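Chemist: Kindly generate the corresponding structure for this input.
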Amino acid sequence: MRRLRRTKVVATLGPASGNTEMIARLFQAGADVFRINMSHTSHDRMRELVGAIRSVEASHNRPIGILVDLQGPKLRVGAFANGPVMLDVGGTFTFDNNPAPGDATRVHLPHPEIFQGMKTGHALLLDDGKIRLAVTEASRDRIVTRVVVGGKLSDRKGVSLPDTVIPFSALTPKDHSDLEAALDTGVDWIALSFVQRPEDIAEAKKIARGRAAVMAKIEKPQAVNRLEEIVDVTDAIMVARGDLGVEMPLEKVPGIQKQLTRAARKAGKPVVVATQMLESMITSPVPTRAEVSDVATAIFDGADAVMLSAESAAGQFPTEAVATMNRIAEEVEGEDTYHTIMKAQHAEPEATGSDAIAAAARQIAETLDLSAIICWTSSGATGLRVARERPQVPIVALSPNVATGRRLSVAWGIHCIVTEDAKDPGDMVERACRLAFQDGFAKAGRRVIIVAGVPLGTPGATNMLRIAFVGTDAVNE
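Modeler: Residues are numbered from 1 along each chain as shown. This is a model prediction of the structure:
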């Protein structure tokens, strides 16, 4: 199952795609990673989906990544005594800690931590940003606001706080339970919602203890403001444009998307662009031209992966949506403009031997027109370093660890093959050439470049380059 593109596709599973047969069809159409959204999935159902994905993985003999997306804290107002109320522009509306049903002047806000962080002048957004309030008075038990953008407010509508750092963890009790269940099930990636600070990521990684990699969803202004610190500690980021577009002006989101993508690429960490990428395909077999351009923009930016949400989870055309994403990526990556942009955006290698080796491998492969860069990688670090270079030649990662292959499924350009670790340098070269030939990355008589660490099997010790011919013995095996 060699992909003819470098950008990976993440497909969310749901009612429209929750059985083994459909998961297999989505994989064949182009899905590299499957996302399970814990906002709508029980532990038992998650285990069923993981089992189905692993069954498809075994039948195709290709590592497939599984991303479990935690719900995160959901902030909501309380209930109203007599149904929805209208908030008029210029009026006053109060939030308090009184659990009595609300009216046209006040409502209960069952989140004491909001009262702790709120300050005069902060904005308060309700119902996905449709209603906007400005705080005029804040105390430990009451928040008084002025209505800036009015509208109808009903029971349990969501609250967004673009200016306020809330003193609580990004992991709710439900998230803790979901995280432990996901780790026990053996998933590969954990996406952490509503990250505000690097400590949120550190908390999740402490619980995961290396059993899964952690992806920070950037969907709050507070996270954008501390992006560099968050990128330092996380394993990957997701540009979660839906909530980001609620808490920030919509016109700022495209620029922030580029900022996030470049920050992750510079750090050599995967970045996934998500939300409403092919939204119309929930009910239509073809996307709009604007949606195609949106996906193409993320690919031109060098994103590691693009993600489908409701399109594949609950839409009428899940397979078509994945196939469309696959075709867009193939077409964009075939453009000369794409290679020009990737070359122009090369990040300077960090001052380490491993990064220097990865940069040299790209330069040598492109200068000598080699067929592929083949990385022997135990932890996946070598593969990610080479992917950071965005080479024009294919990247093949060979790893003895199936978990590494699954995690690398979200990384740009990496075709991972799970194989026994090399016994010695000769075995390393012979097997690299043979496997590259078998999977269609190199023909007999062509050359490849091999990147590895010596001593073999030492994680993170990328220190060797070797140019090798793919001999006729690879063809005959």
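Chemist: top helix in the protein by residue count?
Modeler: Of all the segments assigned as helix in the chain under DSSP state H, the longest by residue count is helix 43-60.
Chemist: Give me the helices and strands touching that one, please.
Modeler: In terms of contacts (3 or more Cβ pairs under 8 Å, 6 or more residues apart in numbering; DSSP states H and E), helix 43-60 is packed against helix 20-29, strand 33-37, strand 65-69, helix 173-185. From N, CA and C alone the C-beta is placed, and that goes for glycine too.
Chemist: Give me the distance from it to the chain's centre.
Modeler: Centroid displacement of helix 43-60 relative to its chain, using Cα atoms, centre = their mean, to the nearest Å, is 20 Å.
Chemist: if we can go back for a sec, please identify the most buried of the helices and strands packed on helix 43-60.
Modeler: Mean neighbour count, computed with mean count of other Cβ atoms under 10 Å, is highest for strand 65-69 among these, reaching a mean of 26.
Chemist: That one pairs with which strands?
Modeler: In the sheet containing strand 65-69, its partner strands are strand 33-37 (parallel), strand 189-192 (parallel), by DSSP bridges.
Chemist: Arg142: what's its closest spatial neighbour, skipping adjacent residues?
Modeler: Leaving aside its chain neighbours, Arg142 sits nearest to Asp96 (4.8 Å; criterion: Cβ to Cβ, 6 or more residues apart in numbering).
Chemist: Phi and psi next, for the one you found.
Modeler: When quoted as degrees, to the nearest 10, the phi and psi of Asp96 stand at phi -140, psi -180.
Chemist: Pro101: what's it in contact with?
Modeler: Contact analysis of Pro101 by Cβ atoms under 8 Å, 6 or more residues apart in numbering lists Gly78, Ala79, Phe80, Ala81, His108.
Chemist: what's the closest of those to Lys269?
Modeler: Gly78 (39.8 Å; Cβ to Cβ).
Chemist: pLDDT value on the closest residue to Phe27 other than its chain neighbours, please?
Modeler: Nearest non-adjacent residue to Phe27, counting by Cβ to Cβ, 6+ apart: Val56, 5.5 Å away. Each residue has a pLDDT score; the one for Val56 is 98.
Chemist: Am I right that Val56 is in contact with Ile64?
Modeler: Yes - using Cβ atoms under 8 Å, Val56 is in contact with Ile64, at 6.7 Å.
Chemist: Any regions of the stretch 351-477 of the chain where pLDDT drops low?
Modeler: Within the stretch 351-477 of the chain, the ranges that satisfy pLDDT under 70 run 456-461, 473-477.
Chemist: What ranges does it have for its strands?
Modeler: Taking DSSP state E, counting those that start in this stretch as the criterion, the stretch 351-477 of the chain carries its strands at 373-376, 395-399, 414-418, 447-452, 464-469.
Chemist: Pull up the pairing partners for the helix or strand containing Ile237, direction included.
Modeler: Remark: Ile237 resides in strand 236-240, with elements defined by DSSP states H and E. With DSSP bridges as the criterion, the sheet partners recorded for strand 236-240 are strand 213-218 (parallel), strand 271-274 (parallel).
Chemist: Show me what the helix or strand following the last one is packed against.
Modeler: Read in the C-terminal direction, the helix or strand following strand 271-274 is helix 289-300, with elements assigned using DSSP H and E. When contacts are defined as 3+ Cβ pairs under 8 Å, 6+ apart, helix 289-300 packs onto helix 253-267, strand 305-308, helix 318-333, helix 336-344.
Chemist: what comes up buried for helix 289-300?
Modeler: By 16 or more other Cβ atoms under 10 Å, the buried positions in helix 289-300 come out as Glu291, Val292, Asp294, Val295, Ala296, Thr297, Ala298, Ile299, Phe300.
Chemist: Just name the shakiest helix or strand of the chain by mean pLDDT.
Modeler: For the chain, the helix or strand with the lowest mean confidence is helix 472-476, at a mean of 58 (criterion: mean pLDDT, DSSP states H and E).
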